[in-house]
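> here's my sequence, what's the structure:
(chains A and B)
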There are 2 protein chains.
Amino acid sequence: MKADAFELTLLYDYYGEMLTERQRACFDLHYNQDLSLGEIAEELGISRQGVHDALVRTEAALRTMEQRLGCVSRARTLQRAYTDLAALAENLRTAGRDDFAVRILAAADLIKE
Amino acid sequence: MKADAFELTLLYDYYGEMLTERQRACFDLHYNQDLSLGEIAEELGISRQGVHDALVRTEAALRTMEQRLGCVSRARTLQRAYTDLAALAENLRTAGRDDFAVRILAAADLIKE
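Numbers count the residues shown, from 1 in each chain, chains lettered A, B, ... in the order given. Now for the predicted structure:
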């Protein structure tokens, strides 16, 4: 289940607010606080199977939201745009055009989240 | 109900995929195709009250998703960044730096959806 933990926590950062309280609790304890299913079951007072099911449903919900809304994919593209603009600003500075560099960085800041 | 139709159709553009089929049908017929509640009721074979309730729930769902995910607000900020970068590219062209202008526009294109 943890094979793509990084991808899932990224999805969670974007879509966590859309989950139920129980889903958020299970996800956070498992992926962010690294508790086992048994430990989460004890913590939340539900069965181990209940934790497992909640995690499976949560992961499916996160992936479905990304398919439908594409926030994470979009964030990656914007990160690329930001990196390109920062490099461009640096080139302009080197070329003695600080005035343009400052304006590029101001626009690039709007892209950052 | 149509006071903020523009805002709602914008939210629908972003979050429509997250709605149920019935919600999408009611919303589309009312806001995009301008049918009355009675006409939609006839079209979908449900009661006028059912259409009304579906629209109220849909509007609430769209606003809740924007509160939680902020895609539309973010898109507005990115539009501003794009406009700033396009103006900057134009200024660089005027200053005889087409090379930089081209690179700025390439980065700006990544921002556009």
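
> mind checking the longest helix of chain A?
Ranked by residue count under DSSP state H, the longest helix found in chain A is helix A:71-94.

> got a list of what residue A:80 touches?
residue B:110 (Cβ atoms under 8 Å, 6 or more residues apart in numbering or on different chains). Any C-beta I mention is one placed from the backbone N, CA and C, and that applies to glycine too.

> which bits of chain A sit near chain B?
Within chain A, the residues that sit near chain B (Cβ under 8 Å from any Cβ of the partner chain) are A:14-15, A:17-18, A:65, A:68-69, A:71, A:74, A:77-78, A:80-81, A:84-85, A:88, A:91-92, A:95, A:97, A:100, A:103-104, A:106-108, A:110-111, A:113.

> buried subset of the residues you listed as a ChimeraX selection?
The ChimeraX selection below is limited to those of the residues of chain A next to chain B classed as buried (16 or more other Cβ atoms under 10 Å in any protein chain shown):
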select /A:14,15,18,65,69,71,74,78,81,84,85,88,91,92,97,100,103,104,107,108,110,111
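
> sec struct for the nearest residue to residue A:62 once chain neighbours are set aside, please.
Leaving aside its sequence neighbours, residue A:62 sits nearest to residue A:11 (Cβ to Cβ, 6 or more residues apart in numbering or on different chains; 4.0 Å). Following DSSP: H, G, I helix; E, B strand; the rest coil, the label given to residue A:11 is helix.

> domains for chain A, by residue range?
A:5-69, A:73-111 (automatic domain parsing).

> who's in contact with residue A:57?
Applying Cβ under 8 Å, 6+ apart, the residues near residue A:57 are residue A:23.

> next, give phi and psi for it.
Main-chain dihedrals, residue A:57, degrees, to the nearest 10: phi -70, psi -40.

> export the longest helix of chain A to PDB, keeping only CA atoms.
Taking C-alpha atoms only, helix A:71-94 is exported to PDB below (Å, rounded to 0.1, in the frame of the first residue of the first chain):
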ATOM      1  CA  CYS A  71      -4.700  19.900  -9.700                       C
ATOM      2  CA  VAL A  72      -1.400  18.000  -9.000                       C
ATOM      3  CA  SER A  73      -0.600  17.600 -12.700                       C
ATOM      4  CA  ARG A  74      -1.300  21.300 -13.200                       C
ATOM      5  CA  ALA A  75       0.900  22.300 -10.200                       C
ATOM      6  CA  ARG A  76       3.800  20.400 -11.800                       C
ATOM      7  CA  THR A  77       3.400  22.300 -15.000                       C
ATOM      8  CA  LEU A  78       3.300  25.600 -13.100                       C
ATOM      9  CA  GLN A  79       6.400  24.600 -11.200                       C
ATOM     10  CA  ARG A  80       8.200  24.200 -14.500                       C
ATOM     11  CA  ALA A  81       7.000  27.600 -15.700                       C
ATOM     12  CA  TYR A  82       8.300  29.100 -12.400                       C
ATOM     13  CA  THR A  83      11.700  27.500 -12.800                       C
ATOM     14  CA  ASP A  84      12.000  28.700 -16.400                       C
ATOM     15  CA  LEU A  85      11.000  32.300 -15.400                       C
ATOM     16  CA  ALA A  86      13.500  32.300 -12.500                       C
ATOM     17  CA  ALA A  87      16.300  31.200 -14.900                       C
ATOM     18  CA  LEU A  88      15.200  33.900 -17.300                       C
ATOM     19  CA  ALA A  89      15.300  36.500 -14.700                       C
ATOM     20  CA  GLU A  90      18.800  35.500 -13.800                       C
ATOM     21  CA  ASN A  91      19.900  35.700 -17.500                       C
ATOM     22  CA  LEU A  92      18.400  39.200 -17.700                       C
ATOM     23  CA  ARG A  93      20.300  40.300 -14.600                       C
ATOM     24  CA  THR A  94      23.500  39.000 -16.100                       C
END
